[in-house]
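Student: Can you look at this prediction? I've put the sequence above it.
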Amino acid sequence: MRIVEKKPNNFLPVEMAVIYGSNPQKRYVVPEENVADWNSVAFLRTIMGGKAATMNFKMVVNYCLQKNFSKIYGMYHQKLASIERIYLSAGAELSKHFSKPVFFPEDYFNQELVLLNIIEINKTSLQKISVNLV
């Protein structure tokens, strides 16, 4: 997993993606400070993979709490309903401010453009996730 902290001299991944349907192509701007973007990685669907995912998840949540981020952004593939359920059940919310799907022009799966929804996890949700991950 990777955390990208918002700094004056960088862009979060949600700011680099293109807003789907925009013409000319537009991108979102994250105006807040003290926020980050959380990118996940895939784990094997095994007991060991599940344990590794849980351990990584807990470490990232604790890191975000230590850094005192006010909000964490993330994205997930619209066609992966299981990922959406996991994120939403863990306390993430679909972004109201960045509600349109985004994409990266070079990102295709099975010859189809990958559309991503943006999620947000606020500090309160991070604290709840931390307590629930045992």
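Tutor: Nice, thanks for sending it over.
Student: Just the strands from the protein, written as ranges.
Tutor: Taking DSSP state E as the criterion, the chain contains strands spanning 2-5, 18-19, 35-39, 71-77, 93-94, 102-103, 108-109, 112-113, 116-122.
Student: Any chance of TSV for these, columns mean neighbour count and mean pLDDT?
Tutor: Using the backbone N, CA and C atoms, a C-beta is placed for each residue, glycine as well. Output for those, formatted as TSV (neighbours: other Cβ atoms under 10 Å; pLDDT from 0 to 100):
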stretch	mean neighbour count	mean pLDDT
strand 2-5	14	91
strand 18-19	16	98
strand 35-39	20	92
strand 71-77	21	92
strand 93-94	13	92
strand 102-103	21	98
strand 108-109	10	92
strand 112-113	10	96
strand 116-122	20	93
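Student: Could you find the closest non-adjacent residue to Asn62?
Tutor: Using Cβ to Cβ, 6 or more residues apart in numbering and skipping the chain neighbours, the partner closest in space to Asn62 is Ser130 (6.2 Å).
Student: Distance-wise, check the one you found relative to Pro13.
Tutor: Ser130 is 23 Å from Pro13, where distance means Cβ to Cβ, to the nearest Å.
Student: One more: Phe103?
Tutor: The gap separating Phe103 from Pro13 is 12 Å, by Cβ to Cβ.
Student: Leu126 now?
Tutor: Summarising the geometry, the distance separating Leu126 from Pro13, computed by Cβ to Cβ, is 19 Å.
Student: Between those two, which has more neighbouring residues?
Tutor: A side-by-side neighbour count of Leu126 and Pro13, using other Cβ atoms under 10 Å, places Leu126 first with 23 against 18.
Student: Report the buried residues of the lowest-mean-pLDDT helix or strand in the chain.
Tutor: Comparing every helix and strand of the chain by mean pLDDT, DSSP states H and E singles out helix 81-89 as the least confident one, with a mean of 75. Residues 84, 87 are the ones in helix 81-89 that count as buried (16 or more other Cβ atoms under 10 Å).
Student: what's the answer for stretch 4-16, then?
Tutor: Under the neighbour-count criterion of 16+ other Cβ under 10 Å, stretch 4-16 has 4, 6, 11-15 buried.
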